[in-house]
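Visitor: Compute the structure for the input listed below.
(one chain, ligands or ions: 4)
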Amino acid sequence: MSSTAPLIIRLLASSVSVAGRAGKIVRDVMSRGELGIVEKGKDDYQTEADRSAQRCIISSLSSLYPKVNIIGEEGNPDSEGEIPSEWLQIEADKEVMLLECPSSLQGVKEEDIVVWVDPLDGTSEYTQGALMLKRDPWERWKMYLTHPLISIKWYLSLRHSNYGFLEHVTVLIGISVNEKPVAGVIHQPYFKTMVGEEKQMGRTIWGLQGVGVGGYIPAPPPDSLVITTTRSHSNPVVEKALQVMNAAQVLRVGGAGYKVLQLLEGKASIYVFASPGCKKWDTCAPEAVLSAAGGKLTDILGDFYKYGASVTHPNKTGVLAAVNDELHNYALSRIPQELKDKLSGN
Ligand SMILES: Nc1ncnc2c1ncn2[C@@H]1O[C@H](COP(=O)(O)O)[C@@H](O)[C@H]1OP(=O)(O)O
Ligand SMILES: [Mg+2]
Ligand SMILES: [Mg+2]
Ligand SMILES: [Mg+2]
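Guide: Residues are numbered from 1 along each chain as shown. Ligands and ions are numbered 1, 2, ... in the order given. This next block holds a predicted model:
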């Protein structure tokens, strides 16, 4: 790796590369079929893929950037000993290495940076996707019986002919400087593309403040108002915030990363989630990529979250994101004061 490139460029290039490696781990755990689901709290689960992908990302990045503060969703993997050597990713993405660093980020030092890692965003969708991949009905039933996330009603309506919700799964690495997300990576392990005759799995989207975005084809927002929101963490307040938007369509999908991808690709124009469920690792990378593409991500009061090392992790006042300022202002103006008060605890 060229040591002459500015730190932010090197760190982003390493993050692009390690996110792809983590995505392979996510697919490998699924192929083996032993998800090792652990319940962390209400509606809050962790699998072997979340744990292993995080160890791969944090070990790799901290071996290259020892003074950068890296915070991951799944706690501190150092306590779990050495990682397999093939998980250590030290190569940086060659194309990202060629980017020109904006002057405002040229002098950034390791000590100024906090990296927020969500090794697997959309864990609900990942575990439900696992069930869909089981083609043998007896195997599927056995897995269902040990599956804490799925109701019998949902199970009976299951269609197992495609990847289902697995496309909603992303690996998120967000880079913040002085509390602000300045660069980010959204890797989608189950995105399929055909390269000639061959199927290729996974794609990596990146964004850098003052430079732009890469890894996907940007598209303008839809003509009518399409909102994207949660499919697995709804409640009456979340629903109220959707009703007031007057949308032509509401898409219910998993993961903060995937919802921001829908904004970037012109499938939706606003992302609304009036609930405290998301945390800093869910929004740091998506905010960085979205703002590099001209969009905006805040809480539902319209305030930016801060991403310094000492902030509290929950995004208590929800998420409101849009493809541009105009749509963000519109969405903000529709949220009733009563709902804002409820989330902010007034
Ligand atoms: N109540 C919650 N408990 C735990 N995580 C949540 C909750 N609500 C949202 N999240 C996190 O935010 C992401 C986006 O939420 P949603 O899909 O409901 O819109 C989820 O995939 C999950 O991240 P993760 O899957 O990494 O644990
Ligand atoms: Mg989680
Ligand atoms: Mg998440
Ligand atoms: Mg996660």
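Visitor: CA only for contacts and neighbour counts going forward, please
Guide: Noted.
Visitor: Quick check: the spatially closest residue to Ile205 that is not a sequence neighbour vs ligand 4, distance?
Guide: Of all residues beyond its chain neighbours, the one nearest Ile205 is Gly215 (4.3 Å), with distances taken as Cα to Cα, 6 or more residues apart in numbering. To ligand 4, Gly215 is 22 Å away according to Cα to the ion, to the nearest Å.
Visitor: Against ligand 3, how distant is Gly215?
Guide: 21 Å.
Visitor: and Gly302, what does it touch?
Guide: 320, 332 (Cα atoms under 8 Å, 6 or more residues apart in numbering).
Visitor: what do you get for Gly122?
Guide: Per Cα under 8 Å, 6+ apart, neighbours of Gly122: 168-170, 254-256.
Visitor: Mind checking which of the residues you listed are in strands?
Guide: Taking DSSP state E as the definition of strands, the contacts of Gly122 contribute Thr170.
Visitor: Can you narrow the contacts of Gly122 down to the ones near ligand 1?
Guide: 254-256 (Cα under 6 Å from any ligand atom).
Visitor: would a markdown table of those residues with pLDDT and neighbour count be doable?
Guide: Formatted as a markdown table, those follow (pLDDT from 0 to 100; neighbours: other Cα atoms under 10 Å):
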| residue | pLDDT | neighbour count |
| --- | --- | --- |
| Gly254 | 94 | 26 |
| Gly255 | 97 | 24 |
| Ala256 | 98 | 29 |
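Visitor: quick one: which of those residues is nearest to Trp281?
Guide: Ala256 (9.7 Å; Cα to Cα).
Visitor: how much space between that closest one and ligand 4?
Guide: Ala256 is 10 Å from ligand 4, by Cα to the ion.
Visitor: isn't that residue right up against Cys284?
Guide: No: the pair Ala256 and Cys284 does not pass the contact test of Cα atoms under 8 Å, sitting 9.9 Å apart.
Visitor: longest strand of the chain?
Guide: strand 180-195.
Visitor: got the contact list for the helix or strand following that one?
Guide: Going down the chain from strand 180-195, the next helix or strand is strand 198-208, by DSSP states H and E. For strand 198-208, the external contacting residues (Cα under 8 Å, 6+ apart) are 16, 19-20, 23, 182-194, 213-216, 288-290, 292-293.
Visitor: How about stretch 211-231?
Guide: For stretch 211-231, using Cα under 8 Å, 6+ apart, the contacting residues are 99-102, 203-207, 242, 246-255, 259, 262-273, 289, 292-293, 323.
Visitor: quick check, stretch 16-25 touching ligand 4?
Guide: No: Stretch 16-25 lies out of reach of ligand 4 by Cα under 5 Å from the ion, never closer than 12.4 Å.
Visitor: Please shift the residue numbers so they start at 24 in all later answers.
Guide: That works, and once the first residue is 24, the last one we named lands at stretch 39-48.
Visitor: residues making contact with that stretch?
Guide: 72, 75-77, 79-80, 83-84, 110, 112-116, 142, 193-196, 208-212, 225-227, 229.
Visitor: Which parts of this structure are helices?
Guide: 30-55, 71-87, 117-120, 146-156, 160-168, 175-179, 259-266, 279-287, 303-315, 348-357, 360-367 (DSSP state H).
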